[in-house]
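> Sequence first, then the predicted structure:
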Amino acid sequence: MPESVEPSRTVVVLMAGGKGERLGPLTRDRAKPAVPFGGIYRIIDFALSNCLNSGLTRLLVLVQYKSRSLNQHVRDGWGPYFNSSRGEFVEPIPPQQRLGDQWYQGTADAVYQNLFAVREERPDAVLVLAGDHIYKMDYRRMLRHHAETGADMTVGAVEVPVKEASGFGVLEVDAANALTGFQEKSKTPKPIPDNPELCLASMGIYAFRPEALYELLEDDSRNPASAHDFGKDILPKLIGKGKAFAFRFVDENKKQSKYWRDVGTIDSYFSANMDLISVSPQLNLYDPSWPTYTARRTDPPPKFVFSQTEPGGRLGVALDSLVSPGCVVSGGKVLRSILSPCVRINSYSSVEDSILFENVNVGRRAKIRRAIVDKDVDIPEGMEIGYDLETDRKRFAVSEDGVVVISKRTS
């Protein structure tokens, strides 16, 4: 392992094949990393943007379930950011059953089945990322730490309060951040040595010395009792041997508290989106020093029409909201909501505390409150959503916190 790792000599393996079952019905027709976020983005855009901002330009994107829209987004939307003449690429790789007749059995098995693509690049380091988290991180910091410690494996870790750590894989470390243990969603998670109120939760980010990765995955593939998972099976093999370290997350978000979100449920997804419309969001999308990229579009500017302020008049307005390009607010009212591209809000309608995906059409006098409406849905004239949850449950999915979800199949 060299004393430092050049980003250009690093291969990124981005895991983007999860089912995202807890995000249903938003993942009925798309992979979790392809779910829209913040109006114009997809969830995977945050990991991809981190790579681009970190100078990492050799990316293998492992896809699996319902991957058509994700493949299209990565291939067509992200391809222009990479210069193939300089050896840069972002390549979606579907399961190919090169090493047997089964699909991916776990995160480690997914990488193992694609080691041929990694080996071809002869990297100095391999960075394995999850494609379904929202955060800003300069991976160069982690790669530098990885090289300086001479580790076989370095795990990205975020500090979380002990009382919230039972839902995570918790890393146990010594004073030098060498891994001494691992707890998978323990009810009594162990705190870090320098702060008894905090634990180190695994972020699902791993940096490897390539030869160590190859050997670990090949050994794991021969173990019939293995779940073939990085956290459950690969990590324990290195614990206590001085070859695995934790790297504590350094946030590029430039906020007082560190921002890292696993938007794995409807309610956590809804909450993370609603944060974006607050006066001072926890996630800063307006920082030019660490931009969040996405597929480039050619939609026209958003448009707001009708200003008939007299009683009963039409007023096209959006307040405390994110309104994407291509949207037309035509005589309707939008409050504390996120409109994805090409949404149309028709006269006398009302949308409050909601997320509307691309091409949603809200009919005249319709009322929507605390809802997520999927792509291409046409809300009929006069329909009310989110005002009577018992009625809504008969027609749509409703989360534990009362968020109504209207999928594409319901339209």
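Happy to help now that I have it.
> pLDDT weak spots in the protein?
1-4, 18-20, 96-103, 256, 409-411 (pLDDT under 70).
> max-length strand in it?
Determined from DSSP state E, the single longest strand within the chain is strand 198-208.
> Quick one: list the elements packing against that strand.
With contacts taken as 3 or more C-beta pairs under 8 Å, 6 or more residues apart in numbering; DSSP states H and E, strand 198-208 sits against strand 125-130, strand 133-135, helix 139-149, strand 153-161, strand 169-173, strand 244-248. Where you see a C-beta, it was placed from the backbone N, CA and C, and this is true even at glycine.
> OK, contacts around the residue lying closest to Gly106 once chain neighbours are set aside?
Nearest non-adjacent residue to Gly106, counting by C-beta to C-beta, 6 or more residues apart in numbering: His228, 3.6 Å away. By C-beta atoms under 8 Å, 6 or more residues apart in numbering, His228 lies in contact with 105-109, 112, 220-221.
> Could you list which of these belong to helices?
107-109, 112, 220-221 (DSSP state H).
> The residue nearest to Arg75 when sequence neighbours are not counted: neighbouring residues, count only.
Among residues not flanking Arg75 along the chain, Pro92 sits closest, at 6.0 Å (C-beta to C-beta, 6+ apart). Neighbour count for Pro92, taken as other C-beta atoms under 10 Å: 19.
> Am I right that Pro92 sits in a strand?
Yes - with DSSP: H, G, I helix; E, B strand; the rest coil as the criterion, Pro92 is part of a strand.
> and it, how far is that from Gly313?
50 Å (C-beta to C-beta, to the nearest Å).
> now Ser307
Taken as C-beta to C-beta, the span from Ser307 to Gly313 is 8 Å.
> Got phi/psi on Gly316?
With angles defined as degrees, to the nearest 10, Gly316 sits at phi -90, psi 110.
> Same question for the one 3 residues further on.
The phi and psi torsions at Leu319 (degrees, to the nearest 10) take the values phi -120, psi 140.
> about what we covered before: can you say which of the helices and strands packed on strand 198-208 is packed in most?
Among the helices and strands packed on strand 198-208, strand 125-130 has the highest mean neighbour count (mean count of other C-beta atoms under 10 Å), at a mean of 25.
> and it, how far from the chain's centre?
15 Å (C-alpha atoms, centre = their mean, to the nearest Å).
> what's it packed up against?
Going by 3+ C-beta pairs under 8 Å, 6+ apart, strand 125-130 lies up against strand 10-15, helix 44-53, helix 139-149, strand 198-208, helix 210-221.
> Was I right to think Ile192 contacts Glu159?
Yes - using C-beta atoms under 8 Å, Ile192 is in contact with Glu159, at 7.3 Å.
> Give me the common contacts of those two.
Shared contacts of Ile192 and Glu159, counting by C-beta under 8 Å, 6+ apart, come down to 198-200.
> Just put those in TSV and tack on neighbour count and distance to Ser257.
Formatted as TSV, these follow (neighbours: other C-beta atoms under 10 Å; distance: C-beta to C-beta, whole Å):
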residue	neighbour count	distance to Ser257
Leu198	17	12
Cys199	26	16
Leu200	29	16
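> Can you tell me which of the residues you listed is nearest Ile372?
The nearest member of the shared contacts of Ile192 and Glu159 to Ile372, counting by C-beta to C-beta, is Cys199 at 31.3 Å.
> Apart from its neighbours in sequence, what residue is nearest the closest one?
Per C-beta to C-beta, 6+ apart, closest to Cys199 is Ala165, 3.9 Å.
> Tell me the secondary structure of that neighbour, please.
Once three-state DSSP is applied, Ala165 turns out helix.
> Equivalent analysis for Asp29, please.
coil.
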